[in-house]
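# structure for the following, please:
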Amino acid sequence: MIDSSLAPPTLFGSSDQRKALRVQAEGYVLRASLMMRRARTLVTNDRVDASALLTDRRTALGQHFQRYQRLKHGSIFDPIVAYAPTSSKIVARGMKIDCMELGEEFVAYQTRWLRVPLSEWRWYKADMLATVDKLSLHLDAELRAIRQLLMVAEFYHK
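Sure thing, here's the model as predicted:
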């Protein structure tokens, strides 16, 4: 007989709890995507007059990313690293590293453009569009992987 007090917890809880995590992650990505699309529109249309608004939106996006990072690391990646089979652990660790590296890149981007002088608008525009493209690709790929990890968790039965 196995002592159940030594067994690891059921990964992510019930099916409903896994679904709730997926929905939360999807909500974060959807909101971030909307925020980036709105900023992209302003920048693409050369709305230099919206520079202060863009600064505020970068700050809000950074705060949003921090909340999302806490969710995915604390509620998805860390439990997988602690309790899932090796193949899922490898994926989750890689996702954690990618997330932290991209987070550092975003902070550097925010720091570079605390203020956007009119004389530097074209460099800001190029950097902003490249950053948004990179973030969008990363978020889409990450969300697909999170969905897969949560789906595979159905079969762990721990």
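# going by C-alpha atoms from here, please, whenever you check contacts or count neighbours.
Will do.
# around Val76, how many other residues sit close by?
For the record, residue 76 is Ile, not Val. 21 (other Cα atoms under 10 Å).
# quick one, what contacts it?
Taking Cα atoms under 8 Å, 6 or more residues apart in numbering as the criterion, Ile76 is in contact with 12, 21, 146.
# now it: how far from Leu118?
42 Å (Cα to Cα, to the nearest Å).
# now the lowest-mean-pLDDT helix or strand in the chain: buried residues?
The helix or strand of the chain with the poorest confidence is helix 78-83; it has a mean of 91 (mean pLDDT, DSSP states H and E). By 16 or more other Cα atoms under 10 Å, the buried positions in helix 78-83 come out as 78-81, 83.
# now swap in stretch 142-158 and tell me
Neighbour-count burial for stretch 142-158, counted by 16+ other Cα under 10 Å, picks out 142-143, 146-147, 149-150, 153-154.
# mind picking the two most distant members of the buried residues of helix 78-83?
Farthest apart among the buried residues of helix 78-83 by Cα to Cα are Asp78 and Tyr83. That separation is 8.6 Å.
# shaky segments in the protein?
Under the criterion pLDDT under 70, the flagged ranges of the chain are 1-10, 156-158.
# longest helix of the protein?
With DSSP state H setting the assignment, residue counts place helix 121-152 as the longest helix in the chain.
# so which elements touch it?
helix 15-44, helix 86-112 (3 or more Cα pairs under 8 Å, 6 or more residues apart in numbering; DSSP states H and E).
# of the buried residues of stretch 142-158, closest to Asp98?
Distance to Asp98 across those (Cα to Cα) is lowest for Glu142, with 9.4 Å.
# excluding chain neighbours, what is closest to that closest one?
Nearest residue to Glu142 in three dimensions, chain neighbours excluded: Met95, at 7.4 Å (Cα to Cα, 6 or more residues apart in numbering).
# wait, Tyr83 touches Leu11, no?
Yes - counting by Cα atoms under 8 Å, Leu11 is a contact partner of Tyr83 at 7.0 Å.
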